[in-house]
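Enquirer: Provided below are the primary sequence and the corresponding predicted coordinates.
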Number of protein chains: 2
Amino acid sequence: MLGAASVALTTSSASMLTSCSSACKKEQIPSTPLRLSFQEHTAPGDSLNERFDFMENLGIVGFEPGGRNLANRVGEFQQALSGRNIKLSAICAGFGGFILAEDPKVKAEFDATMRDIIAAAGELGSTGVIMVPVFNWQAPSLPHTLDTRQYLCEQMHELGEYALKHNTTVILEPLNRKEAHYLRQVADAAAICRDSKSAGVKCMGDFWHMQEETSDYAAFMAAGKEYLQHVHVASRGRRIMPGEDGELDNYVEGFRALKQLEYPHYVSFECGTKGDRTQTVTAAVELLRSQWEQA
Amino acid sequence: MLGAASVALTTSSASMLTSCSSACKKEQIPSTPLRLSFQEHTAPGDSLNERFDFMENLGIVGFEPGGRNLANRVGEFQQALSGRNIKLSAICAGFGGFILAEDPKVKAEFDATMRDIIAAAGELGSTGVIMVPVFNWQAPSLPHTLDTRQYLCEQMHELGEYALKHNTTVILEPLNRKEAHYLRQVADAAAICRDSKSAGVKCMGDFWHMQEETSDYAAFMAAGKEYLQHVHVASRGRRIMPGEDGELDNYVEGFRALKQLEYPHYVSFECGTKGDRTQTVTAAVELLRSQWEQA
């Protein structure tokens, strides 16, 4: 159904281009680049430097490490990134506890560890720190009610303001319902960003988890320029490399939204592989670049 | 932020039109008409016929009665609509009980009364019967969990298949969280439609309740051609006539999505008024038509 709408748009655009001047064509096609990012073990290699060499050869410009023990790794990352055309994209979680914990001790653990990671993320120039409000396996958690939503927005406000002081943000990640029923869709995360009333509260979409969406395009448009701070990519059926699930791995509709939004941040790999990493990673990058062109 | 994205689109479209041939222009502007609909007491008048006269004079082509006692009103509506350029748009609720009731008796009341309304809606040629899974005041209800979501999809499947047999549909309406925390966003309703696996399960957006959305455009695009079966309209701050909340009452972004989707159904008034109905209703219709043109 999004398919139908988008096909209509594409057809219309195509017809227009045929009968438009080249000046018109220039305005129609945005020049937004696809900025790809890898997590720490996406690239093959035995050390950070080997992996960064591989990434640079492929034109990968972002690096998304996990947040665990981040404060102790700031120097290591700064050194390895020095002189390279790779920047910190985002920090992936790594905190203890969770924000919707019923137990005050578990909530306090979240607050303390998350703030340490935020401070380190700021030092590293990260766009933000990714967080999930509560996984299904985390219990006891606050119930899925109106009051909890209000509480979450208040807590996110505090966290967002803290992140801003450290020149970074916190990024809410919706997951598929089997992993995190509480927050499943990008539009929901975006509304929490708005209602948290802090410019330090952002959200993201993950193409694999976006099985929860009826439309990749609409999901990213709901987050929009104001709230969309990061994107994860994986194959769409098994969370392996983009392309390893064959024809299922279509990112064009989502990419079209990112281009329309002139999305300035990263599309970051979060996935394993069933094949030889040197080959599957390279093929995945080629696939994504090709679909970005099509979008 | 959607604003920003859409402004970018608008600017781009405007530039294109300037440098495009008229053939190109024709393709760019969809000819989708705005089909407006009124509820039973939207128009002034002491009888159905007086209200229908008023509506026809204004070019209103849809009528959305409540579902209460509908089976006994089929003949009355058929007679009053006979020979007029007004069709049944949708049936607004009217059932007893609710689908997410914990108490089997309350669920059984929903099943029986909803099916009676669906059958009558089919006789009247309605696009569907609007329903809310659970209002906040309805208790005890099933908890907001993964299991409840699966149960809702199974129950909606049954209802959708029943509706199809009667040549109509059931239409899930998301409300703002103060009224119905369970289902607040159009993208969520659309995903329930998809997962219910019945072409008889549809959804809608209500411009007033869409205060839950960060983007009217993205909300309608998430529902898309496949699931979007109805739209409600009201002022955006107080649920009175469109325009009675002044500059707040902007529908252009949402209308742009409806035009892009070539939305074939109705935009139906569900609102009161603070002013004289004859004037405020007429002004609201003019406002909406003007914004539809702008979209």
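Expert: All right, it came through fine. Residues are numbered from 1 along each chain as shown, chains lettered A, B, ... in the order given.
Enquirer: and the stretch 151-295 of chain A, which residues reach chain B?
Expert: Counting by Cβ under 8 Å from any Cβ of the partner chain, the stretch 151-295 of chain A comes close to chain B at A:177-178, A:181, A:184-188, A:190-191, A:193-194, A:212-215, A:217-219, A:221-227, A:260-262. All C-beta spots, glycine's among them, are computed from the backbone N, C-alpha and C.
Enquirer: are any of those buried, and which?
Expert: Neighbour-count burial (16 or more other Cβ atoms under 10 Å in any protein chain shown) applied to those gives A:177, A:181, A:184-188, A:190-191, A:193-194, A:212-215, A:217-219, A:221-227, A:260-261.
Enquirer: now, those that are in helices?
Expert: Filtering these for membership in helices, criterion DSSP state H, returns A:186-188, A:190-191, A:193-194, A:217-219, A:221-227, A:260.
Enquirer: residue ranges of the strands in the stretch 151-295 of chain A, please?
Expert: Assigned strands in the stretch 151-295 of chain A, in chain order: A:170-172, A:201-206, A:228-233, A:267-269 (criterion: DSSP state E, counting those that start in this stretch).
Enquirer: B:Pro65 is nearest to which of the ones you listed?
Expert: With Cβ to Cβ as the criterion, B:Pro65 lies closest to strand A:201-206 of these, at 40.1 Å.
Enquirer: return the distance of the closest one from the chain's centre.
Expert: 6 Å (Cα atoms, centre = their mean, to the nearest Å).
Enquirer: and for stretch A:159-178?
Expert: 11 Å.
Enquirer: find the nearest non-adjacent residue to A:Glu102, please.
Expert: Excluding the flanking residues, the one nearest A:Glu102 by Cβ to Cβ, 6 or more residues apart in numbering or on different chains is A:Pro140, at 4.2 Å.
Enquirer: cool, and A:Trp208?
Expert: Of all residues not flanking A:Trp208 in the chain, A:Ala234 sits nearest, at 4.1 Å (Cβ to Cβ, 6+ apart).
Enquirer: so that neighbour is in contact with A:Gly243, correct?
Expert: No: taking contacts as Cβ atoms under 8 Å, A:Ala234 lies outside contact range of A:Gly243: 10.4 Å.
Enquirer: picking that back up, gap between the residue nearest to A:Trp208 and chain B?
Expert: Here A:Ala234 is placed at a distance of 20 Å from chain B (Cβ to the nearest Cβ, to the nearest Å).
Enquirer: show the model's pLDDT score for that residue.
Expert: In this prediction, A:Ala234 carries a pLDDT score of 98.
Enquirer: tell me the contacts of it?
Expert: If a contact means Cβ atoms under 8 Å, 6 or more residues apart in numbering or on different chains, then A:Ala234 has A:Asp206, A:Phe207, A:Trp208, A:Ile240, A:Met241, A:Pro242, A:Phe269, A:Glu270, A:Cys271 as its contacts.
Enquirer: tell me the spacing between it and A:Tyr263.
Expert: According to Cβ to Cβ, to the nearest Å, A:Ala234 and A:Tyr263 sit 18 Å apart.
Enquirer: look up how far A:Trp208 lies from the closest residue to chain B within the stretch 101-250 of chain A.
Expert: For the stretch 101-250 of chain A, the residue closest to chain B is A:Glu226, as judged by Cβ to the nearest Cβ, at 3.0 Å. Distance from A:Glu226 to A:Trp208, counting by Cβ to Cβ: 24 Å.
Enquirer: go on, A:Thr168?
Expert: When Cβ to Cβ is the yardstick, A:Thr168 and A:Trp208 sit 25 Å from each other.
Enquirer: repeat that for A:Phe220.
Expert: The gap separating A:Phe220 from A:Trp208 is 15 Å, by Cβ to Cβ.
Enquirer: same question, A:Gly160
Expert: Using Cβ to Cβ, we find A:Gly160 at a distance of 26 Å from A:Trp208.
Enquirer: ok, and the closest non-adjacent residue to the residue most central in space within chain A?
Expert: Centroid-nearest residue in chain A, with Cα atoms, centre = their mean: A:Val231, separated by 2.5 Å. Nearest non-adjacent residue to A:Val231, counting by Cβ to Cβ, 6+ apart: A:Val267, 4.6 Å away.
Enquirer: can you get me a residue count around that neighbour?
Expert: By other Cβ atoms under 10 Å in any protein chain shown, the residues close to A:Val267 number 24.
Enquirer: kindly report the same for A:Leu164.
Expert: Neighbours around A:Leu164, by other Cβ under 10 Å: 17.
Enquirer: likewise the one 10 residues further on?
Expert: If you count neighbours by other Cβ under 10 Å, A:Pro174 ends up with 29.
Enquirer: isn't it right up against A:Phe207?
Expert: No: in this structure A:Pro174 lies outside contact range of A:Phe207 using Cβ under 8 Å: 11.8 Å.
Enquirer: ok, now which ones touch A:Phe220?
Expert: Contact analysis of A:Phe220 by Cβ under 8 Å, 6+ apart lists A:Val186, A:Gly205, A:Leu228, A:Val231, A:Gly254, A:Ala257, A:Leu258, A:Leu261, A:Tyr263.
Enquirer: give the full set of residues in contact with the second one.
Expert: Right, the one you point to is A:Gly205. For A:Gly205, the contact set (Cβ under 8 Å, 6+ apart) comprises A:Pro174, A:Val186, A:Glu213, A:Asp216, A:Ala219, A:Phe220, A:Ala223, A:Leu228, A:Val231, A:His232, A:Gly254.
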